[in-house]
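Enquirer: The sequence isn't on hand, but the structure is:
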Ligand code: ADP
Ligand code: F6P
């Protein structure tokens, strides 16, 4: 394979730049020409494509965001859009494509793969919502950001003996709430995968407050069926404690990637280039038990993520 492309798509995530850097540099080292495609599938359809050199990816390893920009593309979801995208790949002579993005982006990659181009999918999303990999690129950094917020919110929560409800991202996946909740000592978490009993949560908050607990941190993943405000109002009413809401929102998507995200990005990207050089069939690349894995793209996307109930239950045991 002589010429490959790389794009980032969907919500950006810390570590995408590290992945782009490794694709470009490993590709060049393998004797390929590497083309950066701007704005995900939108840019592919519009031909926003340019060759990238070794120095074009200098000084980006440690930066959040993505130097080639990311986008969501409604046009690409149509057959017409996908045909235009394929035509553009042909125009530029691109024979293999590295797609860095979440579930939707990799599903888009599968569509292209079924139209005849080799696609390597890298799990680039803070959500950790892909079933085939233990971790996605950006998740570790996002959870670290949430932990930093929890540490600060604990201080003020203790000072005023308040309950703080923190809303985190994750669309339909509760992993950010789960990991931040366990590592940050939350009293309860509300995640889309589990129906939580608000009465029990409130009872627990009252009992622990009467037992001398100063602060109370509750985390709600954005996809939970009750809104954050409904949870805040219910806790305030049922516990009699002042309850505040903090929505972390896009703060979770930015920042310098952690060591784990840089390593995951770099190792999966290197694997993607290696597979393209071998002219392998399309794959989804990830990490399982700290080993880089590459599965058939279609089969990988069929694996649904399951919430770790042991971790979930541990929050209940420890957060009293
Ligand atoms: P993420 O990749 O982070 O999950 P999205 O679900 O928004 O984010 O998907 C990003 C983009 O991937 C979409 O805007 C669209 O261009 C493309 N995409 C998503 N789902 C599909 C699909 N079923 N078929 C083709 N393209 C898709
Ligand atoms: O998929 C990443 C993510 O940050 C989700 O956690 C969140 O629901 C969504 O993207 C927000 O998307 P947008 O950037 O379009 O507002």
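Expert: Yep, it's here. Just so it is clear, the structure is predicted and the values come from calculations on it, not from any experiment. Ligands and ions are numbered 1, 2, ... in the order given.

Enquirer: which parts of the stretch 1-150 of the chain sit against ligand 1?
Expert: With Cβ under 6 Å from any ligand atom as the criterion, the stretch 1-150 of the chain meets ligand 1 at residues 9-11, 41, 72-73, 76-77, 101-105, 107-108, 111, 125. Quick note: C-beta positions are derived from backbone N, CA and C, even for glycine.

Enquirer: Out of the residues you listed, list just those in strands.
Expert: residue 101 (DSSP state E).

Enquirer: In PyMOL, how would I select just the buried ones from the residues of the stretch 1-150 of the chain next to ligand 1?
Expert: The PyMOL selection below is limited to those of those classed as buried (16 or more other Cβ atoms under 10 Å):
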select buried, resi 9+10+11+41+72+73+76+101+102+103+104+105+107+108+111+125
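
Enquirer: and the residues of the stretch 1-150 of the chain next to ligand 1 near ligand 2, which?
Expert: Among those, the residues lying close to ligand 2 (Cβ under 6 Å from any ligand atom) are 10-11, 102, 125.

Enquirer: for the stretch 51-200 of the chain, what spans make up the helices?
Expert: With DSSP state H, counting those that start in this stretch as the definition, the stretch 51-200 of the chain shows helices at residue ranges 79-91, 103-114, 139-160, 175-184, 198-210.

Enquirer: Find the closest residue to ligand 1 in the stretch 101-250 of the chain.
Expert: residue 104 (2.1 Å; Cβ to the nearest ligand atom).

Enquirer: How much space separates that residue from residue 11?
Expert: Using Cβ to Cβ, to the nearest Å, we find residue 104 at a distance of 9 Å from residue 11.

Enquirer: Now the residue of the stretch 101-250 of the chain closest to ligand 1. Nearest residue, chain neighbours left out?
Expert: Nearest residue to residue 104 in three dimensions, chain neighbours excluded: residue 10, at 5.6 Å (Cβ to Cβ, 6 or more residues apart in numbering).

Enquirer: hang on, that neighbour packs against residue 99?
Expert: No: the pair residue 10 / residue 99 is not scored as a contact, 9.7 Å apart, by Cβ atoms under 8 Å.

Enquirer: Show me what the helix or strand that contains residue 274 is packed against.
Expert: Under the assignment given by DSSP states H and E, the secondary-structure element containing residue 274 is helix 259-277. Under the contact definition 3 or more Cβ pairs under 8 Å, 6 or more residues apart in numbering; DSSP states H and E, helix 259-277 sits against helix 16-29, strand 96-101, strand 118-123, helix 139-160, strand 283-288, strand 291-296.

Enquirer: could those be laid out in JSON lines, adding mean pLDDT?
Expert: Listed next are the helices and strands packed on helix 259-277 as JSON lines, based on pLDDT from 0 to 100:
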{"stretch": "helix 16-29", "mean pLDDT": "98"}
{"stretch": "strand 96-101", "mean pLDDT": "98"}
{"stretch": "strand 118-123", "mean pLDDT": "98"}
{"stretch": "helix 139-160", "mean pLDDT": "97"}
{"stretch": "strand 283-288", "mean pLDDT": "98"}
{"stretch": "strand 291-296", "mean pLDDT": "98"}
